[in-house]
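J.: pasted the sequence and its predicted model underneath.
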Amino acid sequence: MLNIKACIFDLDGVIVDTAGYHFKAWRRLANELGTDFTKEDNEKLKGVSRRGSLDLILKWGNLTIPEEEKTALTDRKNGWYVEQINKMTAEEILPGVERFLASLKERGIKIGLGSASRNAPNIIKRVGLEEYFDSMIDGGMVSKGKPDPETFLKGAAALGVLPANTIVFEDAAKGVTAAIDGGMLAVGVGKEEVLGHAHFVVPGFENLEYDVLLEILQERMLPIQN
Ligand code: B16
Ligand code: MG
C-alpha cells in the first residue's frame, strides 16, 4: 500500500507559469550580446539553473564569454526578471493549484517546494501561497541541480518524511528524472511525450482529485511491488 505523507511541488510550470518572464529577460540579454533565440529554444531552459541557462544561450549564439564576466550577465537578467515577478498576483496561480494544496492540507499531508529558482520563495509570497508550504528548497540551497535528486531529497528531509512516502509534481523531464532517482513517486505536469518516464502524467491540477490520483498511482505501483 502507498503511504503518502508529503507532496513536493516544482514551481515554474507547476504552480505558476513564469517561463514567459524568463524568456523576455533572457532574450533582452541575448539581444544585447548580439544574439537571439526562439520560443522553442526557451523550452530547453525549463528547470535549468540560472547559470546553466546562460551557458546554453551563449552556446546557441556561438559566443564565448570569460567566466568572470558571467555573474554580471546573470545578475542583469535576474534584475529584469525580478521587476516582472514583483508585479505577480494570485491571478497567476495555475488553475486548480490552490484547491489541490488545500485538499492536501485537509488530509494532513506535508507540502514542500522544490525549485531550481532562487526566486522561488519570493514568487510564492507574491502570489499569496506561503501559508501552504511547510518547507521550501530553492536553487540557492543545493549544490547539484536537477536531474540530480538533491533538491527533492533535501525537501523530503526538511519535511521529515522518507522519499518512498513522497510524491513530486514536475513539469520538466529533468525534474521527473530527479524525483525517480531520489526514490519518490513522480507525477509529470504537462505532456506525456515529454514526461512519459513519470509514474503518471496529468495535464494540470484543474480536474485533479488527490484521492483519484492516489488510486491510479497505487495501481501503477502494484506490478513493481509484487
Ligand atoms: P532563477 P523550476 C526553474 O524553476 C525554471 O524553470 C528555469 O527556467 C530557471 O532558469 C530556473 O528555475 C532558475 O531560476 O533564475 O529564478 O534562479 O521549474 O525548477 O521551479
Ligand atoms: Mg518547472
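T.: Perfect, thanks for sending it. Ligands and ions are numbered 1, 2, ... in the order given.

J.: every contact and neighbour count from this point should use C-alpha atoms.
T.: Noted.

J.: in the protein, which spans are helices?
T.: Assigned helices in the chain, in chain order: 19-32, 39-43, 50-60, 67-85, 97-106, 120-126, 150-159, 173-181, 192-195, 210-225 (criterion: DSSP state H).

J.: out of those, which is closest to ligand 2?
T.: helix 173-181 (7.4 Å; Cα to the ion).

J.: which elements pack onto that closest one?
T.: Judged by 3 or more Cα pairs under 8 Å, 6 or more residues apart in numbering; DSSP states H and E, helix 173-181 is in contact with helix 150-159, strand 166-170, strand 185-189, helix 192-195.

J.: highest mean neighbour count out of the ones you listed?
T.: Of all the helices and strands packed on helix 173-181, strand 166-170 carries the top mean neighbour count, a mean of 28, counting by mean count of other Cα atoms under 10 Å.

J.: closest point of the chain to ligand 2, which residue?
T.: Of the residues in the chain, the one nearest ligand 2 is residue 12, at a distance of 4.1 Å by Cα to the ion.

J.: low-confidence regions, the protein specifically.
T.: Within the chain, the ranges that satisfy pLDDT under 70 run 223-226.

J.: which residue ranges make up each domain of it?
T.: 6-17+92-225, 19-85 (automatic domain parsing).

J.: and the closest residue to residue 18 other than its chain neighbours, how close does it get to residue 127?
T.: Computed as Cα to Cα, 6 or more residues apart in numbering, the closest residue to residue 18 that is not its neighbour in sequence is residue 12, at 5.8 Å. Shown here: residue 12 relative to residue 127, a distance of 13 Å by Cα to Cα, to the nearest Å.

J.: do residue 164 as well
T.: Residue 164 is 30 Å from residue 127, by Cα to Cα.

J.: repeat that for residue 39.
T.: Residue 39 sits 25 Å away from residue 127, going by Cα to Cα.

J.: between these two, who's got more neighbours?
T.: Set residue 39 next to residue 127 and count neighbours by other Cα atoms under 10 Å: residue 127 wins out with 19 against 12.

J.: count of neighbours near the closest residue to the more buried one other than its chain neighbours?
T.: Once flanking residues are discounted, residue 127 sits nearest to residue 90: 4.2 Å by Cα to Cα, 6+ apart. Residues lying near residue 90 (other Cα under 10 Å) number 14.

J.: got the contact list for residue 90?
T.: 126, 127, 128 (Cα atoms under 8 Å, 6 or more residues apart in numbering).

J.: what does the protein put close to ligand 2?
T.: With Cα under 5 Å from the ion as the criterion, the chain comes near ligand 2 at residues 12, 13, 47, 171.

J.: so how do I select the buried members of those residues in ChimeraX?
T.: Per 16 or more other Cα atoms under 10 Å, the buried members of these correspond to this ChimeraX selection:
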select :12,13,47,171
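
J.: in JSON lines: the residues of the chain next to ligand 2, plus distance to residue 216.
T.: Converted to JSON lines, these look like this (distance: Cα to Cα, whole Å):
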{"residue": "12", "distance to residue 216": "25"}
{"residue": "13", "distance to residue 216": "23"}
{"residue": "47", "distance to residue 216": "26"}
{"residue": "171", "distance to residue 216": "19"}
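
J.: ligand 1 contacts on the protein?
T.: For the chain, the residues in contact with ligand 1 (Cα under 6 Å from any ligand atom) are 10-13, 45-50, 53, 115-119, 139.

J.: change it to 5 Å
T.: Proximity of the chain to ligand 1 (Cα under 5 Å from any ligand atom) is limited to residues 10-12, 45-50, 115-119.
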